[in-house]
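Engineer: predicted model and sequence follow; I will ask about them next.
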Amino acid sequence: MNKLMKAAVLVREGEIELKEIPVPIPGQGEVLVRVRAATTCGTDLKLYTRGHPKFPPPLTLGHEFGGEIAQLGPGVEGFSQGARVTANVFGECGDCFYCRKGQGNLCERLVYNFGAFAEYNLIPASIVRKTLFPIPDQISDAEAAVLEPLVCVVHAFKKINPKAGETVAVIGAGGAISLLFIQMLVLAEVEDIIAIGHSDFRLQKAGQLGAKVSVNAKKQDPQQVIRDLSGGRGVDAAIECAGTREAWEKAVDITRPGGRVLWFGGLPGGTKIALDAGKVHYGGIDLYNSHGGTAADARRASELIFSGDIRTHPLITEELPLTEIEQAFQKMRAGEAVKVAIIP
């Protein structure tokens, strides 16, 4: 094995350099994976465009991957060199206040696993113990790489709990998260799925995966469309995936009295939103939010992908080499791609 590897390093906001850095050596309980495919994510795009206080540069980007085990650290059991694996990005400790309450996504000692946009990725011991999964033969490395966003969707889906016969709107439709939500809605036998977005290319994907109605918010007023479809009441549930203040507010506007709103897309700290308190309170609208997922959610997500119940292949619109990572982000930003598989 070479002592150096190529890696896409975020050196400052808006600038990535392809560098040669040392190949990590796995310590106690850790696993070194040779990355065969790493998919782009909205979080990576946020880190690239505006940064994040938790993850300051320099930082090797990427956290969705599929690959093969190159080296096992001391004490690792149940895995062998050469085995194909994928993993969640979160590693909960299992012992803190939140973990004991089954809220591992809020773990006080949560470990993150970045570094997949490189030839090798070192997997922390806490992730190896709980959320490192063997990839079955029928699933490609790129398909398996989409595990982490589905973990977050599985976690959020339990909160809003859509039911057969309901009408559900997905805001920010056509992005990867929304397409996973749409497939989860189809599995839950929700037939009336309304996809709201800004990109015809992405909305077409939403339709292919189960959305009954697609609304391009640049061309139509989503609230009027939903009012016409629902007899003026609004949807039973709205799932916000856009991560904008306007989308958070719009989700409430389009929801009927007695309905439910899920805010999934994160907003920058300090962001304020304006809501009609009367509509929410006297209309009995339940408000939910969600971030991350637990080890149990990761196991469920892996089952859904590996069984084929959730298809991740349609989310991967193209493959690019590591040298073109910035081009991949620009395509995502322009709505020309959902996910790009980076092949180191």
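Structural biologist: Perfect, I can see it now. The model shown is predicted, which means the values in this text are computed figures rather than measured ones.

Engineer: list the buried residues in stretch 234-250.
Structural biologist: Within stretch 234-250, the residues that count as buried by 16 or more other CB atoms under 10 Å are 234-243, 247-248, 250. No exception for glycine: its C-beta is placed from N, CA and C like everyone else's.

Engineer: I'd like to know how far residue 273 sits from residue 176.
Structural biologist: Remark: distance between residue 273 and residue 176 (CB to CB, to the nearest Å) = 24 Å.

Engineer: neighbour-wise, which of the two wins?
Structural biologist: Set side by side, residue 273 and residue 176 show more neighbours around residue 176, with 28 against 12, by other CB atoms under 10 Å.

Engineer: residues contacting that one?
Structural biologist: Counting by CB atoms under 8 Å, 6 or more residues apart in numbering, residue 176 touches 41, 42, 146, 149, 315, 338, 339.

Engineer: next step: the buried residues of stretch 234-250 restricted to strands.
Structural biologist: 235, 236, 237, 238, 239, 240 (DSSP state E).

Engineer: now render those as CSV, adding distance to residue 105 and pLDDT.
Structural biologist: Shown next, in CSV, are those (distance: CB to CB, whole Å; pLDDT from 0 to 100):
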residue, distance to residue 105, pLDDT
235, 26, 97
236, 26, 97
237, 21, 97
238, 22, 98
239, 18, 98
240, 18, 97
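
Engineer: ok, those residues vs residue 215, which is closest?
Structural biologist: Among these, residue 235 lies closest to residue 215 (CB to CB), at 11.7 Å.

Engineer: wouldn't that closest one be in contact with residue 252 here?
Structural biologist: No: with contact defined as CB atoms under 8 Å, residue 235 does not reach residue 252; the gap is 11.0 Å.

Engineer: any chance you could map the helices in the stretch 201-344 of the chain?
Structural biologist: If DSSP state H, counting those that start in this stretch is used as the criterion, the helices of the stretch 201-344 of the chain fall at 222-229, 245-253, 277-282, 295-307, 325-333.

Engineer: now the shortest one: average pLDDT?
Structural biologist: What it means is helix 277-282. The average pLDDT within helix 277-282 is 95.

Engineer: check the longest one too.
Structural biologist: Taken as a whole, helix 295-307 has a mean pLDDT of 97.

Engineer: starting at the chain centroid, how far to it?
Structural biologist: Mean-position distance between helix 295-307 and its chain equals 13 Å (CA atoms, centre = their mean, to the nearest Å).

Engineer: with stretch 189-203 instead?
Structural biologist: 17 Å.

Engineer: hang on, residue 18 in a strand?
Structural biologist: Yes: looking at residue 18 with DSSP: H, G, I helix; E, B strand; the rest coil, it is inside a strand.

Engineer: that one pairs with what?
Structural biologist: Counting by DSSP bridges, residue 18 is bridged to residue 8.

Engineer: for it, give me its contacts.
Structural biologist: 6, 7, 8, 9, 322, 323, 325.

Engineer: near residue 193, how many other residues are there?
Structural biologist: Count around residue 193 with other CB under 10 Å applied: 26.

Engineer: that one: which element?
Structural biologist: strand 192-197 (DSSP states H and E).

Engineer: now the angle from that strand to helix 245-253?
Structural biologist: Orientation check (axes from the mean of the first three to the mean of the last three CA atoms, to 10 degrees): strand 192-197 against helix 245-253 gives 160 degrees.
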